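[1] Below: sequence and its predicted model.
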Amino acid sequence: MTNPTTLATLLLAMRRTRRNSRSRFPLRAVLGTAFAILAAVGLAVITAGGTYALSNSQQPIAPVATITAGSAALRATALVVPPTPMYPGLTLFAPSTVTNTGTVALSLSGSLSAPAAPNALSQNLSVGFAVAPAAGCPASGPLATPPAGATLGSPDLKTAIVIPAGGQVSLCVSISLLPTASAAAQSQTATGLTLTVLGAQS
Amino acid sequence: MTGAGRSKSASLRIRSRVSILVGTVLFLVLAGAGVATASWTASGALTVPATAGRLSFTQSGGTGLAARYKKTNLAASGSITVTNTGTVPGTFTLDVNSPPPNLFADAVVATGWASASPCTSTPPVGAAVVTDTLTNGIEVLGASLAPQATEYLCIMTVITTAQAAGNGNADLTLTLTAHQGSWLFQPLPLTFSQSANGSIQ
Amino acid sequence: MNKLVKGAIAGAAGIALLLGGAGTFALWNSSANVNGGTIVAGNLHLGTATTGSWTVAHIGTNGTYGTAVTVTDLSKFKASPGDQLTYTSEVPVTATGDNLVAAVSLSPGSIVATPTSATHTKVPADDELARFLTANTTVSMTGSGITGTAPNYVLTAGSGAGISTTATVTATITFASGAAGAENTAMLGSVDLSGMSLTVTQK
């Protein structure tokens, strides 16, 4: 609460008192000092402004308690893709089980990221996923069968799949070679192409 | 403070109050705009293995189409064996023609069809048969062949007695085109010469 | 303190009495310390809070919070973005003097990262959780003689007699839900609330 102006005025008052110390407590000196102090206090009140903390009270309100945060986490089993050589318009399917290992429900989406060494094959693949049918994933099928997929550089694959905390879902991941894939894709192998299954707190 | 000064600071105060109000309203509008509340995120990365196959076909045979027509031999025929030697299925077509201009080829009539079994003199029941002059050419449609599978294309050519009495020759070119989606493959064409020499009977 | 100054103050007090100025006299009536301590013109005091209870609500897709449910055991609860935790307890409030305007808030240090102990190793997620939770706290107070909305309340004490009431104090801690992934750093974090206290600042 110390106001620098108050201190300065007080020091000034003390200095004045010392100067007059020859005459021990002459009335004039005391009066002068007294008014100086009064003025200093008054100044402190005035300069602090119309709104000032007059009183402050603190009170503990909670017993010993801890709040712990949960997490968002998921695990997906690796893809085992049929070794069928791909050609334009072919879709292969591979199952993957996604488990929600966190504490919040997750809404799934997917994105495809390019490998370090892309080629005409990896650049023409579309990858997607959907909930597996009861009979399991088919081995392969024409392009019309799979769900819409994510291709490199395209927006993420959006789905309506939600996994509750602690739950899991069986997916069929579809891998399609686009019908427009160039002949340069023949005999290529895509290495390092990654499908990221994204879970967002839902 | 003068009258002018007082109204200026008052208007400044009003202005700052208004700007705060506008800011608050804007914030409330944005907050209530139905923005998705997704917050925490998690992800799992899956490696996607993929290997592309190769489209490759071969054609062989058809030697019977190399013909020297006589009035006692007005027809020629050949059986082309088509094999899918690649690792992906494919469909194919066979184009049979002779490049113009060629009066002799104008008169040779070619007929063709596809067969799952070795060729006979007549097409299988229900087979699609195409026929036209050599100059116009015919295009025989093959089936979809799986890798390592084989199909036969049966080609027959005929001329008239009058043509056999005359002179002429033509080169038949057999061009196989295999395709799968946007992929195409063409093996080397087969070429056979046909002629007629009325003086040799 | 300098003897001369002490003497001067004594002299000033005496002079003030002699002067009889009502305003000046009132200043010196309460505790006055020229070195710049607290000048009190009214009295506001909070007593010991009762053990309170926790509830939690979660924000819906429409941006409004759902129904709050009781958290029977906070130690088993897993907080996540979009949660709004509320702690309600009763606090005795006494106030004398003219109508007092007070701002009520959680004191700094109410929510801190759980320190390392025999049962916990402090991790960065603890600091992050503390940061997110501290960013959005409010305290509301209701009771006889208490009006207003958070954070400013008016205690209608009236002159002289004052009020002595039990206020229901609700501390709301909101774990805000931001852009996707914005609060990922707080996952599995832990915060300690044993230092949670109210600050009531008279205005």
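    Ah, there it is. Numbers count the residues shown, from 1 in each chain, chains lettered A, B, ... in the order given.
[2] Chain neighbours aside, what residue packs nearest to B:Asn136?
    Using C-beta to C-beta, 6 or more residues apart in numbering or on different chains and skipping residues adjacent in sequence, the residue nearest B:Asn136 is B:Asn97, 7.3 Å away. In this view, the C-beta of every residue, glycine as well, is placed from N, C-alpha and C.
[3] For the one you found, which residues are in contact?
    Remark: with contacts taken as C-beta atoms under 8 Å, 6 or more residues apart in numbering or on different chains, B:Asn97 is in contact with B:Ala110, B:Leu134, B:Thr135, B:Asn136, B:Gly137, B:Ile138, B:Leu172, B:Thr173.
[4] Correct me if wrong: the last one contacts B:Leu188.
    No - applying C-beta atoms under 8 Å, one finds B:Thr173 not in contact with B:Leu188, separated by 10.7 Å.
[5] So which of these two has more stuff around it?
    Regarding B:Thr173 and B:Leu188, a neighbour count based on other C-beta atoms under 10 Å in any protein chain shown identifies B:Thr173 as having more, with 16 against 9.
[6] any idea how far the more buried one lies from B:Gly78?
    Note on B:Thr173: its distance to B:Gly78, by C-beta to C-beta, to the nearest Å, is 13 Å.
[7] Do any residues in stretch B:48-66 lie close to chain A?
    Yes - contact of stretch B:48-66 with chain A is found when judged by C-beta under 8 Å from any C-beta of the partner chain, involving B:Val48, B:Pro49, B:Ala50, B:Thr51, B:Ala52, B:Gly53, B:Arg54, B:Leu55.
[8] Show the pLDDT at the second one.
    B:Pro49 carries a pLDDT score of 93 in this model.
[9] same deal with the fifth one?
    B:Ala52 is assigned a predicted lDDT (pLDDT) of 98.
[10] My read is that it contacts A:Ser182, right?
    No - under the criterion of C-beta under 8 Å, B:Ala52 is not in contact with A:Ser182, lying 10.6 Å apart.
[11] So if I had to pick from these two, which one is more boxed in?
    Using other C-beta under 10 Å as the criterion, B:Ala52 and A:Ser182 rank with B:Ala52 on top: 29 against 14.
[12] Name whatever forms a beta bridge with the more buried one.
    A:Met86 (DSSP bridges).
[13] What separation is there between it and A:Ser111?
    Distance check for B:Ala52 against A:Ser111: by C-beta to C-beta, it reads 22 Å.
[14] pLDDT-wise, which helix or strand of the chain ranks last?
    Picking chain A for this. In chain A, no helix or strand scores lower on mean pLDDT, DSSP states H and E than helix A:27-47, which sits at a mean of 47.
[15] meant chain C actually
    helix C:22-29 (a mean of 29).
[16] what's in contact with the helix or strand following that one?
    Reading on from helix C:22-29 to the C-terminus, the next helix or strand found by DSSP states H and E is strand C:43-46. Counting by C-beta under 8 Å, 6+ apart, the neighbours of strand C:43-46 from elsewhere in the structure are A:55, A:57-59, C:91-97, C:100, C:102, C:155, C:162, C:198, C:200, C:202.
[17] Only the C-alpha atoms, please, for the next helix or strand after strand C:43-46, written as PDB.
    Towards the C-terminus, the helix or strand next in line after strand C:43-46, according to DSSP H and E, is strand C:53-58. Taking C-alpha atoms only, strand C:53-58 is exported to PDB below (Å, rounded to 0.1, in the frame of the first residue of the first chain):
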ATOM      1  CA  SER C  53     -19.400 -31.400  -2.900                       C
ATOM      2  CA  TRP C  54     -18.400 -31.700  -6.500                       C
ATOM      3  CA  THR C  55     -20.500 -31.900  -9.600                       C
ATOM      4  CA  VAL C  56     -19.500 -32.100 -13.300                       C
ATOM      5  CA  ALA C  57     -21.300 -31.100 -16.500                       C
ATOM      6  CA  HIS C  58     -20.100 -31.600 -20.000                       C
END
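[18] What is the longest strand of chain C by residue count?
    With DSSP state E applied, the strand covering the greatest number of residues in chain C is identified as strand C:83-96.
[19] Provide the strand pairings for that strand, with the direction of each partner.
    Sheet pairing for strand C:83-96, assigned by DSSP bridges, gives strand C:43-46 (antiparallel), strand C:53-58 (antiparallel), strand C:163-174 (antiparallel).
[20] pLDDT averaged over it - what is it?
    When the per-residue pLDDT values of strand C:83-96 are averaged, the result is 89.
[21] mind checking how far it is from the chain centre?
    Its chain's average C-alpha position is 9 Å from that of strand C:83-96, according to C-alpha atoms, centre = their mean, to the nearest Å.
[22] quick revisit: closest to chain A among the residues of stretch B:48-66 next to chain A?
    Using C-beta to the nearest C-beta, B:Gly53 is the member of the residues of stretch B:48-66 next to chain A that sits closest to chain A, with 2.7 Å.
[23] if you take the average position of chain B, which residue is closest to it?
    Centre of chain B computed as the mean C-alpha position; nearest residue by C-alpha atoms, centre = their mean is B:His179, 4.4 Å away.
[24] Show me what the helix or strand containing it is packed up against.
    Assigned by DSSP H and E, B:His179 belongs to strand B:167-180. Using 3 or more C-beta pairs under 8 Å, 6 or more residues apart in numbering or on different chains; DSSP states H and E as the contact test, the elements touching strand B:167-180 are strand B:57-61, strand B:75-84, strand B:91-97, helix B:103-107, strand B:183-185, strand B:190-197.
[25] and with 7 Å instead?
    The elements that strand B:167-180 packs onto, with contact taken as 3 or more C-beta pairs under 7 Å, 6 or more residues apart in numbering or on different chains; DSSP states H and E, are strand B:57-61, strand B:91-97, helix B:103-107, strand B:190-197.
[26] out of the ones you listed, nearest to C:Thr70?
    With C-beta to C-beta as the measure, strand B:91-97 is the member of these nearest C:Thr70 (69.1 Å).
[27] Would you give the sheet partners of that closest one, along with the direction of each?
    Pairing partners of strand B:91-97, with direction, according to DSSP bridges: strand B:138-141 (antiparallel), strand B:167-180 (antiparallel).
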